[in-house]
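*Asks:* I'll drop the sequence and a predicted model, then ask my questions.
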Amino acid sequence: MSTRTFEHVGTRPIRHDGVDKVTGRAAYGADVSLPGMLHGAVLRSPHAHARIVSIDTSAAARLPGVKAVITGADIPPNSAKLMLGGEAALDLHDMGDNLLAHDKALYHGHAIAAVAATSLDIAREALARIEVVYEPLPPITSVDAAMADGAALLHDKYKRNIANRMEFKRGDADKAFADADVVVDREFRTPMVHQGYIEPHACLARTGEDGRAVVWCTTQGPFVVRDASAAILGMDPAHIKVIPTEIGGGFGGKIVVYLEPLAIVLSRKTNRPVKMVMSRDEVFRATGPTSGSKVRVKLGATRDGALVAARVSLWYEAGAYKGSPAGAGAMCAIAPYKIPNFFIEAHDVVVNKPKVAAYRAPGSPIAMFATESAIDDVARQLGMDPIEIRMKNAAAEGDQASYGPKYGPIGFKQVLEAAKNSAHWKSPRQANLGRGFACGFWFNAGMSSSATVTLNPDGSAAVVTGNPDIGGTRAAQALMVAEELGIPVERVRPIVADTDSAGHSDVTGGSRVCYATGMAVIRAAEDVRDQLRARAAKIWNVDIADVGWERGKAVPLNGAAKDQQPLTVVQIAAQMPHTGGPVVGRAAVNPPMAGPGFGAHICDLEVDKETGRSTVVRYTAVQDVGKAVHPSYVEGQMQGGVAQGIGWALNEEYVFDANGVMENAGFLDYRMPVASDLPMIETVIVEVPNPLHPYGVRGVGETPIVPPLAAVANAMRDATGVRFTELPLSPPRVLRGLTAD
Amino acid sequence: MLATRYEAPRSLAQAIASIAADPSARVFAGGTDLLVQFRTGLKPPTAFVDLKQIPELVGITIDASGLRLGAATAAADVVEHADVRRLWPGLAEAVHLIGSTQIQGRASVGGNLCNASPAADTTCALIVNQARCIIAGPGGERSVPVEQFCTAPGRTVLQRGELLVALQVPRPAPRTADAYLRLIPRTEMDIAVAGAGVSITLDAAGVCTAARVAIGAVAPTALVVAEAAQALIGSTLDAPALDRAARAASAAARPIDDKRGTVEYRRAVAGVLTKRAAAIAADRARTR
Amino acid sequence: MSKLHVTSIINGEPVEFLCEPHESLLDALRNAVGLTGTKEGCATGDCGACSVILGGRLVPSCLVLAAEAEGQTVTTIEGIADGERLHPLQQKFLEHAALQCGVCTPGFIVAAKALLDANPNPTEGETRYWLAGNLCRCTGYDKIIRAVLDAAAEKHPKVSA
C-alpha cells in the first residue's frame, strides 16, 4: 500500500466549489431566505449566575409584528443521552437547558427566551419588553474559585463544582522522582479562548402542516442537528431534514446546536419560516469556547536525558455544564514519549461561563503547552538540545501509549528528524531572536461515514457524502474517485448532501473526514469499479473473473475476450442502459481511530524587552499526515492551526469582570492574529502511512494547533531567560515578567 | 420603535440649524465610532446627520500658513496627500493608524477627535503640531487649541448646535519635524494601549530649541507633558536626555487598569514611546 | 417611519432599493438588493468580511448607512469578475488554495482589488498591512498573501533592468 504510485492523489487541482466561493455565489447559513420568513432573536441573561424567579412575555407578545415568544417552558426537560459515535456524548438535559434556561441562568449570555417577529428590529424591541425577575447568585469565574471551600454551587449534584475526575497511572512515579537527577515542577494557566470562526451561527427553519421541519444551517454535523433537535423537541428524526449550507469555519464549535431547535419551535408556532443569526457578541458570550485551565506538571529525568517520571494534574473549566476536554488532555499530555512511571489526573470543573465546546484537538493544546514547556526546562537543565531529548524519549511502533493502546506505525521520530533537518532549524539563530521548539499530538477519530458514487452516462461521476466541507475535503474526495476510477478529477463532482439524501455520517471533526469518509468514498468508488467490470464482462460476454482494471479501463484477462480492446469508463457508461441500468456505488464504514498525528514546530520570536511586545519572525510546522491527498489543503490545515495556536499563545483570552461578564466580546479586543502579525508559515509534510487506510491517510487538521503554545513560550524563554507559565503572553504580562526581579 | 432619520445637509448653516433644534440628533462623517455605538446598545439618535456633503468640512488645503483639514475628510485622503506626509509625517502616521484600510476609507480626523476617546491616535500628533479646532455654531465661529478640545472621555467643548468644521495646523518652522508612536499588542487593528507624539525643532548645530510632547491613552484626555519637552530642549537628543524625557512622560501619566493594559504597564510604555518618538522626530528634523 | 428610496450604481448597473434610515449598506445589499456575497462577521468594522468599494474607496459596509449609497458607485464581490472571466485575483486564490471555508474570501478579494488598484506592485509587507483589516481564521494568511502577490505579478510583471 505504501508503495502505490498515485496518478491523482497528491496533485493540487482547483477545488470544485472554488469558483462559487471566489465569486460570492456560495450560500452560507445566513444567506438563505424564504418568502414570508420571520426573524428570531434571543433574550440573554444579564447575570452570570442567578435563579430565574419569573418570566413575563406578555408585553413582548403584544408588540405589533411579534408572532411568537418562547421560553424554557416550551422545551420539555429530558434526561436522555445521545452518543456522538464515541468521541463525546451529548447530554440532552444539559443541551436543552443551555438552549433556553429553566431554573437558573448559569452564565452571562445564557438564553432565557426567544421571539420571532416580522423584522429583526421588532424582534429586538420585543426582547426589551420581556420582564424577567432574577435572584442573582455569586458568580464563579475560575477553577480555583469553583473548588474553594464554601463556593456557590452551579449544580447541587457536583461537590465543589467538580463534575468529573479521572486518573490513570503506570509504574511508581513518586519513587522515580526520588531517584531522578533533574526534576521540574511547574504550574501553568491558560485562559478561555474561542474558535474564532468568522461566520456566526445561523439557521432557517420551516415547518409544514404535516409537522415536518426543514432546517438550513451552518453546521459541522447535520445529523447531530437532526437527532439532537428531534430528541430535545420530542420529534421523530425522520420528520426533520437538515440541509447543511456552506460553513464559514467551525473548528469544533459548530457541532453543538444553539439555534436550530428554537427556530423549529418558533416556526411551528407561527406557521412561517424563521431565520436566526447570531451576532458576534452572542457568538463570544453564548456559544462554546474552550476551557481556561490550571495545569500542574512535574517531570523527572536522569542525567542522560531519559524521562523517568511524570505527574500531570489538569483542571479544566467546563463552563456552565459538565463536559470539558480534560480527559482528552490527560491522554495527550505525554503521548509522544515513553515515560515508564506516571500519574495523570484530570478534573472537569463547572464555572459560570458559557458551556465549552470542542476546539481543534480539544484538550491537547492546553495539556501539551504545559508538558512541552516542562520538557524544554528539563532539556535546559541537562544542557541537552530540545530535539535530542525528545528523540531519546520518543515513542515508536510497538510501544504502549500513555493512554493505553499499543502504537501501530507512527511517525514521531520521523517528524523529529525532519525538524532537525529543516532549513529553519539549520539556519543560524539571530542574536535578537529567541528560538522555541515544541511537539504536538492528536489521536484522530474514526467513527461512521457513508458515501455513494454515481456514474453519469457521459462517464463523469458524482460523489455524495453527508460531511460539511470545512477544510477542502470535497477536493480530496474528488481526487479519490478520480484515482479509483481513472477519470480526470474535473469530471468528478463532490457533493455534500442533506440528511434525507446522504447516508448517515458522524460529524465533520476529529480530523476524520479525509480518513473515514474518504475511506467510504474509496470503497464506494471500488464498488463502482466492480460494477463496471461486470458490465464489461457482459459486453464481452465473458466471466467477470476475466476482466481486469487498469488505469481507468476494463481490460481482458486470461486469454478470454482477447480480441477485445480495453473499454474506458466513458465507453462503459455510455452503454449502461443496455447492460443493466444505472451504476451506483455505495459504502458505509466505521473504522477504528485514524492513527495518531504527530507534529513538531519551530518558532523564532523577537521580543521588545522595553514593551513586552513580541513578533513571530519565522515559523515552521512539521507533521506526519500519513498521505497528503491534496497537499495544498494539507498545508492549509497546518498553517491555519499554527495561526490559531499563535493567537492563543500571544494575545487571545476571554477577559471577565468581577461579575462574570465578558469585557471583550468582539474582534477589536478579542485579538486574533491579523495578516501583518504573521510571517509566511513554512510546512514540512512527513508521510508515514497509516496501515488502516488504503492510501495511508491520517487525520491532519487538529495536530497543528497543539505545538504553537509551547513553541512560542519556549521561544520567549530563549529570548528573555524567563519561563512564562501563564498565557497569553500579552505585552503587559511579559513586561511584568521581565522587570519582576 | 426606532424612528431615526437620515439627513444630509448641503450647507453648514443647515447642519447647525438641524442639530441646534434637535440635541438628540447625531452628526457623523465616517460613522465608524457612531454606528458601532449605535449597534452595541447606545440609545438611538433621532437623526443621523451626514456631514460629508458640506463643502467646508471636506478637503485638504495647504498654503503658506499651513494646513486646513476639513473635519469630515476621510483618513485615507489625508494619508495619501504627499504634502501632508512630507510636512507632518507624524500626523500622517497617526491618521494612518486609525483602524484598518476599510476604516481609513471612512473615518475622519474630526470624528476621531469628537469621539474623544482617551486613546485616539490623532490627538497627540495634532497637539504637538500646535493644531487648532475650528468650531462653528449658532453663535458663529471660534477656534480652540486641540489640547483643550476634549475635556473627558466622550466629552468635548462643543456646545449645543456646534460642529467641528476643520483642523488648522501651522506650517512647521525650519528644522522641525514630528513623530507619533503607539503601542498595540498586534501589528494593526488594536486601540492604542499608550501613545506618544513629539515635535522637535533643532538649530543648525543639532541642538533642540523647541519641543512639544503629548501622551495618549494614559489619562482621561491626551496630556501635554511640558516637563518631557523641557528635558529635550537644550540637548542633542542624546540618550540621557531621551531617558529624562521618558521618565517625565511616565511620571505625568495617569492611566487606568482595563482590558487593554494595566496602570504600571501604560506608565512604563508611555515613557518608552516618548523617547522613541523623540528620536524619530529628531532624525527627521535633521534632514530638513 | 417610511423607508428611504436609494438609487445607486452597483457593480456597474443602476439599482434602486428601499432601506430604513438606520440600516447599514451591508444589510441593504444582502436583503433588499439580494447580493449575499458580502458577509457579516462582526457588524463593528473589525473583520473585513463586509468589504465593498464605495465611490472608489474600500470601506466596511457594516459601518456605512445604506442611505449614503445614493448616487454613488458600489462594487461588491459579485462585480469583480469580468463577465465569465475571473479576475486574476480570483483565479490566483483558486490556484494557490488561498481559501478553506471561504467565508472571508469575498472580503479579501474586494480588499485585494482595492490594493492592486492603488498599488500595482505591493511588497509582502505592504500587502499584509493593507489586508490587516480582513480576518481569516482558516488559512493563517500565507496562501492568501501569495495569491495576491502572484496576481499583482501577473497583471504588472516586474521588468528587470
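*Replies:* Noted; the coordinates are in hand. Residues are numbered from 1 along each chain as shown, chains lettered A, B, ... in the order given.

*Asks:* and the strands in chain B?
*Replies:* With DSSP state E as the criterion, chain B has strands at B:5-7, B:25-28, B:47-50, B:60-62, B:66-70, B:132-137, B:140-145, B:150-152, B:155-156, B:163-170, B:176-183, B:194-202, B:208-216, B:223-224.

*Asks:* what do you get for the stretch 251-400 of chain A?
*Replies:* Shown for the stretch 251-400 of chain A, the strands assigned by DSSP state E, counting those that start in this stretch span residues A:274-277, A:293-301, A:307-319, A:341-350.

*Asks:* hmm, who's touching the shortest one?
*Replies:* In this case it means strand A:274-277. Counting by Cβ atoms under 8 Å, 6 or more residues apart in numbering or on different chains, strand A:274-277 makes contact with A:29-30, A:32-34, A:37-42, A:114, A:116, A:200-206, A:259, A:262-263, A:266-267, C:40, all of which sit outside it. Placement of C-beta: from N, CA and C, glycine included.

*Asks:* same thing but at 6 Å, please
*Replies:* Contact partners of strand A:274-277, identified using Cβ atoms under 6 Å, 6 or more residues apart in numbering or on different chains, comprise A:30, A:37-40, A:116, A:202-205, A:259, A:263, A:266-267.

*Asks:* related to what we said a few turns ago, just say which of the strands of chain B is most tucked in.
*Replies:* Most buried of those by mean neighbour count (mean count of other Cβ atoms under 10 Å in any protein chain shown) is strand B:194-202; its value is a mean of 30.

*Asks:* ok, the contacts of strand A:274-277 vs chain C, which is closest?
*Replies:* When those are compared for distance to chain C, the smallest value, 6.9 Å, is given by A:A30; criterion: Cβ to the nearest Cβ.

*Asks:* give me the neighbour count for that closest one.
*Replies:* Neighbour count for A:A30, taken as other Cβ atoms under 10 Å in any protein chain shown: 25.

*Asks:* surely it is within a strand?
*Replies:* No - following the definition DSSP: H, G, I helix; E, B strand; the rest coil, A:A30 is helix and is not counted among the residues of a strand.

*Asks:* which non-adjacent residue is nearest it?
*Replies:* Setting aside the residues directly before and after it, A:A30 is nearest to A:A202 in space (Cβ to Cβ, 6 or more residues apart in numbering or on different chains), at 4.0 Å.

*Asks:* what residues are bridge-paired with the one you found?
*Replies:* Beta-bridge partners for A:A202, by DSSP bridges, are A:V277.

*Asks:* where does chain C have low pLDDT?
*Replies:* Counting by pLDDT under 70, chain C contains low-confidence residues at C:1, C:158-161.

*Asks:* would you map the helices across it?
*Replies:* For chain C, the helices defined by DSSP state H cover C:25-30, C:88-95, C:105-118, C:124-130, C:142-155.

*Asks:* in which helix or strand does A:Q220 reside?
*Replies:* Per DSSP states H and E, A:Q220 falls between elements, in no helix or strand.

*Asks:* so what pLDDT did it get?
*Replies:* As predicted, A:Q220 sits at a pLDDT of 96.

*Asks:* what's the neighbour count on it?
*Replies:* 25.

*Asks:* wait, doesn't it sit right on A:V507?
*Replies:* Yes - using Cβ atoms under 6 Å, A:Q220 is in contact with A:V507, at 5.2 Å.

*Asks:* check the contact lists of the two and give me the overlap.
*Replies:* If you check A:Q220 and A:V507 against Cβ under 6 Å, 6+ apart, the residues they both contact are A:I255.

*Asks:* which ones are touching A:C332?
*Replies:* Residues counted as contacts of A:C332 (Cβ under 6 Å, 6+ apart) are A:S364, A:A367, A:F441.

*Asks:* which of those residues has the most neighbours?
*Replies:* A:A367 (33 neighbours).

*Asks:* with distance to A:R723, mean pLDDT and mean neighbour count added, can I get the strands of the stretch 251-400 of chain A in CSV?
*Replies:* As requested, the strands of the stretch 251-400 of chain A are exported to CSV (distance: least, Cβ to Cβ, whole Å; pLDDT from 0 to 100; neighbours: other Cβ atoms under 10 Å in any protein chain shown):
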stretch, distance to A:R723, mean pLDDT, mean neighbour count
strand A:274-277, 44, 98, 26
strand A:293-301, 12, 98, 24
strand A:307-319, 17, 98, 26
strand A:341-350, 22, 98, 24
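
*Asks:* in helices, which of the contacts of strand A:274-277 appear?
*Replies:* A:A263, A:L266, A:S267.

*Asks:* find the nearest non-adjacent residue to the residue of chain C found nearest chain A, please.
*Replies:* For chain C, the residue positioned closest to chain A under Cβ to the nearest Cβ is C:G37, at a distance of 2.0 Å. By the measure of Cβ to Cβ, 6+ apart, the closest residue to C:G37 outside its immediate chain neighbours is A:G24, 2.0 Å from it.
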